[in-house]
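K.L.:
Need coordinates for the following:
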Amino acid sequence: MAKISFVLLVVTLIVFLHVSEAQRPVIFDEQVLQNDLHQAKDLIEKDLKEKETNIKNLESEMHMLTRSEMMLNQLGEADKNGQNLERFQKTLKKFNRRIIRAPEEARFTSVIQSILQDLGLNRS
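P.N.:
Numbering: from 1, shown residues only. Prediction:
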C-alpha cells in the first residue's frame, strides 16, 4: 500500500509539474503582448505628435506664402502702373526679416529675395 501511495504521489507531482509549465508561457506571452502594446502605443503617440507639428509648420508656411503672394501682386500692380516702389520698402524689409528668422528648412525665400534685389529694395 505504501508503494502505491508513493507512486501516486510521484505521478501527481509529475502531472503538477507539467501543468504548471504549460501555464507559465501563457503568462509570459501575455506580458510580452502587453509590452508590445505599450511600445506600439508609444510609437503611435510619437508619430501623431510629429504629424501635428508637421501640420502646424505647413499651416505657417501656407500663411507666409499667402502673404508673400499678396505682396508680390501689389508690387506687380504698382510696377505696372508706374508707381513709386519706395513705399513698399518698409513692408518688404519686415517681411524679409521674418523669412531670415525662419528655420533653414522652412526658408522659401530665394524667389522673394531675388525679386527684392532686382528692384533694388534689398540692400543685403
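K.L.:
residues contacting the residue most central in space within the chain?
P.N.:
The chain has E50 as the residue nearest its centroid, 1.8 Å off, counting by C-alpha atoms, centre = their mean. By C-beta atoms under 8 Å, 6 or more residues apart in numbering, E50 lies in contact with nothing. Bear in mind the C-beta positions are built from the backbone N, C-alpha and C, glycine included.
K.L.:
which secondary structure element contains it?
P.N.:
Assigned by DSSP states H and E, E50 falls within helix 2-80.
K.L.:
Distance from that helix to the middle of the chain?
P.N.:
Centre-to-centre, helix 2-80 and its host chain are 15 Å apart (C-alpha atoms, centre = their mean, to the nearest Å).
K.L.:
F88: neighbour count?
P.N.:
Neighbourhood size, F88 [other C-beta atoms under 10 Å]: 19.
K.L.:
Any idea how many residues pack against the spatially closest residue to it that is not a sequence neighbour?
P.N.:
Computed as C-beta to C-beta, 6 or more residues apart in numbering, the closest residue to F88 that is not its neighbour in sequence is L75, at 5.9 Å. Look at L75: counted by other C-beta under 10 Å, it has 19 neighbours.
K.L.:
Okay, L75 and L92: tell me how far apart.
P.N.:
8 Å (C-beta to C-beta, to the nearest Å).
K.L.:
Quick check: the gap between L9 and K3.
P.N.:
Distance of L9 to K3, computed by C-beta to C-beta: 11 Å.
K.L.:
okay, those two: which has more neighbours?
P.N.:
Higher neighbour count among L9 and K3: L9, with 10 against 7, using other C-beta under 10 Å.
K.L.:
contacting residues for that one?
P.N.:
Contacts for L9 (C-beta under 8 Å, 6+ apart) come out as none.
K.L.:
how near is it to A2?
P.N.:
Counting by C-beta to C-beta, the gap from L9 to A2 is 10 Å.
K.L.:
same thing with K51?
P.N.:
73 Å.
K.L.:
So for those two, which sits in the more crowded spot?
P.N.:
Per other C-beta under 10 Å, whichever of K51 and A2 has more neighbours is K51, with 10 against 6.
K.L.:
Give me the pLDDT value at L72.
P.N.:
You'll see L72 listed with a pLDDT of 82.
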